[in-house]
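Undergrad: Pasting the sequence and the predicted model now:
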Amino acid sequence: MFNWFHRLGSPRTFFAMTSSWHPWLLGLAACVLVGGSVWALLYVPPDYQQGNSVRIMYIHVPAAILAQSGYMMMAGAAIVYLVWRIKLADMAMAAVAPLGASITFLALVTGAIWGKPTWGTWWVWDARLTSTLVLFFLYVGVMALRSAMEGREQAGRACAILSVVGLVNLPIIKYSVDWWYTLHQPASFKLTEKPAMPVEMWLPLLVMVIGYYLFFFTVWFMRLRNEILVREQHTDWVRTWVSDR
Amino acid sequence: MLQVKELSCTRDQRPLFSSLSFAVAPGELLQVVGANGSGKSTLLRCLVGLYTGFEGEIDWQLEEAPLYLGHRAGVKASLTVRENVTWLARLRGVLLNPDDIQRSLSSLRLDGYDDVPCSRLSEGQRKRVALAQFLLCPNHCWVMDEPLSAIDNRGLEFLTGRMSEHLDNGGAIILSSHQPVPVDRPVSSVTLG
Amino acid sequence: MSFFLSSVARDLRVHIRKPSEVLNPLVFFAVVISLFPLGIGPSPEQLSLVAPGIVWVAALLATLMSMDLLFRSDYEDGSLEQVVLSGQSLVVFTLAKVFAHWLIAGLPLVVLMPVVGLVVFLEVDGIWTLALSLLLVSPTLSLVGSIGAALTVGLPRGGLLVTILILPLYVPVLILATAMVQASVSGSDVTGYIYWLLALLLLALALAPLAAGASLQLSVDE
């Protein structure tokens, strides 16, 4: 088992093994996303309170979920890299950070757009938005550190340490922000915690969440393969691969 | 006391050295030779364990870690000579009494400089402060990166004298240098690049 | 333990001989605080309302300013390499450096607090709580900041980067500390906050030196 793990950890083996995967991944992600979007945007009945603007939820909520789990994935790769020193984990980390940051940014922007019709302003210092904003800063920090240390072999390990530090802090930040929010303004009405969301609303949401995950993995996967080629550009196998195309 | 097997190192896609194998025995001086940028410093940093980006085996048959003199001497400018020497010895677990300090300062030809901040010393003098660790700690191997640069004739004489003593006591020395080492002991060498 | 003490003694000597590096952040703190009334207006009602917030944000920035230099000179003159090679624990070394730095840069901030509180018209109760909260929090700030300082020590200009890396991590402390001051101004009990801040301090004490030590080890690996 470990042997297999280790073999897959070699960038070259990984690259060779996965060369035929991405059309399938891409196709699957596209199908689920398009299907989910059509369902969510055209067929879901409008909300009795928010009307059609509730449909922003189908874009926003999956992005917000992914923003957090993207960080978990980055920190997971960081731990793998710190413990086993598998280069592929570092590449995965480098590939996922900008992706996670963009998804987090998307969550912030769609949150703001959703805020306009529901709260009447673009930005509210709501607990969720605030902790997502802090999460965005954490991503930006990891990316800034990597680009500042560019070309240095320590960059990967430094980013890994920072990601793990952020992982330890995330729950503390999240709880403190939640608590700060309840302290300053008792929650008047929450959007996503309405207890009884009917099936015809949450089922498309679930499809969209799955679609987002698939999309995230597909892009991550493509970025990872790209990263492998960039880092291994001086090796013989990459040269052969390029000349064969 | 040191066995190196199949040591290879690649930095920024540029191979510095590959399949390097050598051994250093007690009383032996090994000189690492090579052009600028050929990886001499990197090799020494690999040997002492600072740089870990290498492949191969480095086996020290020693109780204590080797002593290392790098490009950065490890001397704090705002502390005095005495404070620096005490600290460097302290790092290696050697506690000095005032007599020891006095003795080592005079053997470093730094008498009268006890309470002078190292910021006022010349580069050669600072290098000698860093050497205090080498004289005070009864360690077995010295690893020195360009110890003969920025040093005057008297300093050179002093340093080579200490090196000969160290070799006679069964210590080993690994150093990098452009010029031949004026020690009348056998010198083996590794050439890089 | 004796390595800890001798490191602390060495650092105190260095700081005392070059006081500007650690005193500049204090001056920075005072200047930033005095800018707020100029921006917001001199009215005591308004100022006392936002006082805990501005004092705290200024304190965070001042801490980070001085943090950047924590390991830098040791890295540049090679002392750090010697510590790594000597096999002494980098965790202990980090703790010693943070402690010495806190004695010189953190404690004066605590002492400065009552004066600053008066200038921004915080109520008397609030001022004492402010000093107490800073006493509890400034070691946490230094400990967490040391991670950023250690990560960026090898970079020629790491100062701004440290703030980007570390400020988000200060969010929980900022929230709790300002809430503590506000609670005390409004006359409520602050014991709960004290426990929370202590808990965060212990957590930082246990984990931050590990991360900073690993980063230091990394910084000499070149």
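TA: Sure thing, it's come through. Every value quoted in this text rests on a predicted model; they were computed, and no experiment measured them.

Undergrad: Helix, strand, or coil at B:Glu6?
TA: Following DSSP: H, G, I helix; E, B strand; the rest coil, we place B:Glu6 in the strand state.

Undergrad: Let me know how buried it is, in neighbour terms.
TA: If you count neighbours by other CB atoms under 10 Å in any protein chain shown, B:Glu6 ends up with 11. No exception for glycine: its C-beta is placed from N, CA and C like everyone else's.

Undergrad: For B:Leu175, which phi and psi angles does the backbone take?
TA: phi -140, psi 160 (degrees, to the nearest 10).

Undergrad: what's near enough to touch the residue nearest to it when sequence neighbours are not counted?
TA: Distances taken as CB to CB, 6 or more residues apart in numbering or on different chains place B:Met144 nearest to B:Leu175, at 4.3 Å, with adjacent residues excluded. Contacts for B:Met144 (CB atoms under 8 Å, 6 or more residues apart in numbering or on different chains) come out as B:Leu44, B:Tyr68, B:Leu69, B:Ile173, B:Ile174, B:Leu175, B:Ser176.

Undergrad: mind listing the helices in the chain by residue range?
TA: You didn't pick a chain, so chain A it is. A:2-8, A:11-17, A:22-38, A:57-84, A:87-119, A:127-148, A:154-184, A:199-231, A:236-244 (DSSP state H).

Undergrad: hmm, I had chain B in mind actually
TA: Assigned by DSSP H, the helices in chain B fall at B:40-48, B:81-91, B:98-107, B:123-136, B:153-168.

Undergrad: Rebuild those helices as a markdown table, extending it with distance to A:Ala77 and mean pLDDT.
TA: What follows is the helices of chain B, written out as a markdown table (distance: least, CB to CB, whole Å; pLDDT from 0 to 100):
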| stretch | distance to A:Ala77 | mean pLDDT |
| --- | --- | --- |
| helix B:40-48 | 27 | 92 |
| helix B:81-91 | 36 | 90 |
| helix B:98-107 | 50 | 85 |
| helix B:123-136 | 40 | 85 |
| helix B:153-168 | 47 | 87 |
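
Undergrad: Of those helices, which is nearest C:Leu38?
TA: helix B:81-91 (44.6 Å; CB to CB).

Undergrad: Can you show me the CA trace of stretch A:94-109 as CSV?
TA: Output in CSV follows, covering the C-alpha atoms of stretch A:94-109 (Å, rounded to 0.1, in the frame of the first residue of the first chain):
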residue,chain,number,x,y,z
ALA,A,94,1.1,25.3,-5.1
ALA,A,95,-1.6,24.4,-7.6
VAL,A,96,-4.5,24.7,-5.1
ALA,A,97,-3.7,28.0,-3.4
PRO,A,98,-4.7,30.4,-6.2
LEU,A,99,-7.7,28.2,-7.0
GLY,A,100,-8.9,28.3,-3.4
ALA,A,101,-8.3,32.1,-3.3
SER,A,102,-10.4,32.6,-6.4
ILE,A,103,-13.2,30.5,-5.1
THR,A,104,-13.1,32.4,-1.8
PHE,A,105,-13.2,35.6,-3.8
LEU,A,106,-16.2,34.3,-5.7
ALA,A,107,-17.9,33.5,-2.5
LEU,A,108,-17.3,37.1,-1.3
VAL,A,109,-18.5,38.7,-4.5
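
Undergrad: quick check, it touching chain C?
TA: No. Using CB under 8 Å from any CB of the partner chain, stretch A:94-109 stays clear of chain C, coming no nearer than 12.2 Å.

Undergrad: Would you mark the buried spots in that stretch?
TA: Using 16 or more other CB atoms under 10 Å in any protein chain shown as the test for burial, stretch A:94-109 gives A:94-108.

Undergrad: can you tell me which two in those residues are farthest apart?
TA: Those two in those that are separated most widely, counting by CB to CB, are A:Ala94 and A:Leu108, at 22.8 Å.

Undergrad: Single out the residue in chain A that lies closest to chain B.
TA: Closest contact between chain A and chain B, by CB to the nearest CB, is at A:His234 (4.2 Å).

Undergrad: Give the burial count for residue 163, as a bare number.
TA: Using chain A. Using other CB under 10 Å: A:Ser163 sits among 27 other residues.

Undergrad: should've been chain C
TA: 20.

Undergrad: Now name the helix or strand holding the closest residue in space to it that isn't next to it in sequence.
TA: Spatially, and ignoring its direct neighbours in sequence, C:Thr163 is nearest to C:Leu64 (5.1 Å; CB to CB, 6+ apart). Here C:Leu64 sits within helix C:44-67, counting by DSSP states H and E.

Undergrad: Past that helix, which element shows up next along the chain?
TA: Downstream of helix C:44-67 (by DSSP H and E), the next one is helix C:72-76.

Undergrad: The helix or strand just after that next one near chain A anywhere?
TA: As assigned by DSSP H and E, the chain's next helix or strand after helix C:72-76 is helix C:79-86. No. Residues of helix C:79-86 contacting chain A under CB under 8 Å from any CB: none, with a closest distance of 13.6 Å.

Undergrad: Good, wrapping up.
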